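# What follows is a predicted structure for the sequence shown.
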Amino acid sequence: MAIYQDVKKELTYRIHEGVYKAGEKIPSERDLSLAFKVSRMTIRQALSELVVEGALYKSMGRGTFVSSPSLYQENLKSFTQTLIGQGMMPSTKVIEVATISQMKKISQWLNVDQMSPYYKVKRLRLGDGVPIALETIYIPKKYAEELPKHDLTHSLYKILEQEYGYDLTHITCDIEANISSRIIMEAMGLNKQTALLKITGITYAQNDLKLFYEESYYRSELYKYHVDILNRP
């Protein structure tokens, strides 16, 4: 067995036994190199495999951390509700809020006039301070006038329900495998290309209103979707 595999095995044991806890920063490559009495290259190889396997993740400029158990979503809940339900602290960083127009494809999907103005809201979603998802939402301005005046670090679902009176009923979405682009890497603080779940879809409100379109990228090692597929004769 290669030396780095011995190191990897011991690190895996420490993670499973809670020596290194979820969300906790592990010792630096230098400190691990001294502790295991091996080269930093050996440590780096062991850490790289654990990152690929999802046991660890790297945060640019901060170090290497133990991954939290994958978040699991199986019904219509906001990101905030999902994290709280699994004992994590949600937070949001608003990256962009803009008013745009002439969104031809999105207008067709939402059944609104092509020239209708939209609010574009781009946010980074975090759990226990760890970037998990990058989401961009497009909502017709007429459905949520003065939306930017609200605190968009809070749950958008809650804002739409409490401030605008919507009853969010269901989502239709597509889920596909994706690899992080440089823009997404920078926004999410990733220092290497990472496997992502790209989720695009439409959220509906009462009376089958197509309320907004969303395009989100979730870190696949930290987030899972559960889907039941029914057999319809």
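Now that the structure is in, tell me what you want to look at. Numbers count the residues shown, from 1 in each chain.
# Could you tell me which residues make contact with T64?
Residues in contact with T64 (CB atoms under 8 Å, 6 or more residues apart in numbering) are 25-26, 47, 51, 56-58. Glycine gets a C-beta too; all of them are placed from N, C-alpha and C.
# can you tell me which of the residues you listed are in strands?
Among these, the residues falling in strands (DSSP state E) are 56-58.
# Any chance of TSV for those residues, columns distance to Y204, pLDDT and neighbour count?
Output for the ones in strands among the contacts of T64, formatted as TSV (distance: CB to CB, whole Å; pLDDT from 0 to 100; neighbours: other CB atoms under 10 Å):
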residue	distance to Y204	pLDDT	neighbour count
L56	38	83	22
Y57	34	79	22
K58	38	78	17
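# The contacts of T64: which two are farthest apart?
K25 and V51 (13.7 Å; CB to CB).
# if you count what's nearby, which of the two comes out ahead?
V51 (19 against 12; other CB atoms under 10 Å).
# can you tell me how far the more buried one sits from F65?
Using CB to CB, to the nearest Å, V51 is found at 10 Å from F65.
# Could you tell me which residues touch both of those two?
With CB under 8 Å, 6+ apart, V51 and F65 have common neighbours 57-58.
# wait, what's in contact with L124?
Counted by CB under 8 Å, 6+ apart, L124 has contacts 92-93, 95, 131, 133-134, 187-188.
# For the residue nearest the centre of the chain, give me the backbone phi and psi.
Residue closest to the average C-alpha location in the chain (CA atoms, centre = their mean): A133, at 1.8 Å. Taking degrees, to the nearest 10, you get phi -150, psi 150 for the backbone angles of A133.
# For it, list the residues it contacts.
79, 124-125, 216-219, 223.
# Wait, K93 touches L126, no?
Yes: with contact defined as CB atoms under 8 Å, K93 counts as touching L126 (7.0 Å).
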